[in-house]
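Visitor: Fold the following for me, if possible:
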Amino acid sequence: MKLVGAKLSTIKIPIILNGILIGFIASLISIIIFLLYITYIDKYINLLKIFNLRNEYYFIGVLLLGPFIGFIVSIFTLKKVTLKIKY
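Guide: I've put the predicted structure just below:
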């Protein structure tokens, strides 16, 4: 990418945004699975009352935590990305 004149930010920003998007999608999938659990399985196994979970706090926490973890993982992944040309 250095040979075509790309800056380091031009390479890193789409990867970071991709990590945030994947984290958001993963958190939505987690919420869907939790809703399916509440709807079907909680009638037989009552874990929500045992652990005193409140649904709205769980949803907010998961929606915030998913993209945050995606961002952190992207940053750690891009630590060694440089524009130095190795011969």
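
Visitor: same for the helix or strand hosting Y57, what does it pack against?
Guide: In this structure, Y57 sits in helix 55-77 according to DSSP states H and E. Helices and strands touching helix 55-77, by 3 or more Cβ pairs under 8 Å, 6 or more residues apart in numbering; DSSP states H and E, are helix 8-36. (Each C-beta comes from the backbone N, C-alpha and C, glycine too.)

Visitor: Can you check what angle separates the helix it packs on from helix 55-77?
Guide: Counting by axes from the mean of the first three to the mean of the last three Cα atoms, to 10 degrees, helix 8-36 lies at 150 degrees to helix 55-77.

Visitor: Buried residues in helix 8-36, which are they?
Guide: I16, G19, I20, I22, G23, A26, S27, S30, I31, F34 (16 or more other Cβ atoms under 10 Å).

Visitor: okay, who's weakest in the residues you listed by pLDDT?
Guide: Minimum pLDDT across these is recorded for F34, with 81.

Visitor: With adjacent residues omitted, what lies nearest to that one?
Guide: Closest residue to F34 apart from its sequence neighbours, by Cβ to Cβ, 6 or more residues apart in numbering: Y58 at 6.7 Å.

Visitor: contact partners of the helix holding Y57?
Guide: For helix 55-77, the surrounding residues in contact (Cβ atoms under 8 Å, 6 or more residues apart in numbering) are 15-16, 18-28, 30-31, 34, 38.

Visitor: Only C-alpha atoms, please: export that helix in CSV.
Guide: Taking Å, rounded to 0.1, in the frame of the first residue of the first chain, the C-alpha atoms of helix 55-77 are listed here in CSV:
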residue,chain,number,x,y,z
ASN,A,55,-33.5,-7.9,30.7
GLU,A,56,-33.1,-4.2,29.9
TYR,A,57,-29.7,-3.9,31.7
TYR,A,58,-28.5,-7.0,29.9
PHE,A,59,-29.4,-5.6,26.5
ILE,A,60,-27.7,-2.2,27.1
GLY,A,61,-24.6,-3.9,28.4
VAL,A,62,-24.3,-6.3,25.5
LEU,A,63,-24.9,-3.6,22.9
LEU,A,64,-22.1,-1.5,24.4
LEU,A,65,-19.7,-4.3,25.2
GLY,A,66,-19.7,-6.0,21.8
PRO,A,67,-18.4,-3.0,19.7
PHE,A,68,-16.0,-2.1,22.5
ILE,A,69,-14.4,-5.6,22.4
GLY,A,70,-14.3,-5.4,18.6
PHE,A,71,-12.5,-2.0,18.8
ILE,A,72,-9.9,-3.3,21.3
VAL,A,73,-9.2,-6.4,19.3
SER,A,74,-8.8,-4.4,16.1
ILE,A,75,-6.3,-2.1,17.9
PHE,A,76,-4.3,-5.0,19.2
THR,A,77,-4.3,-6.6,15.7
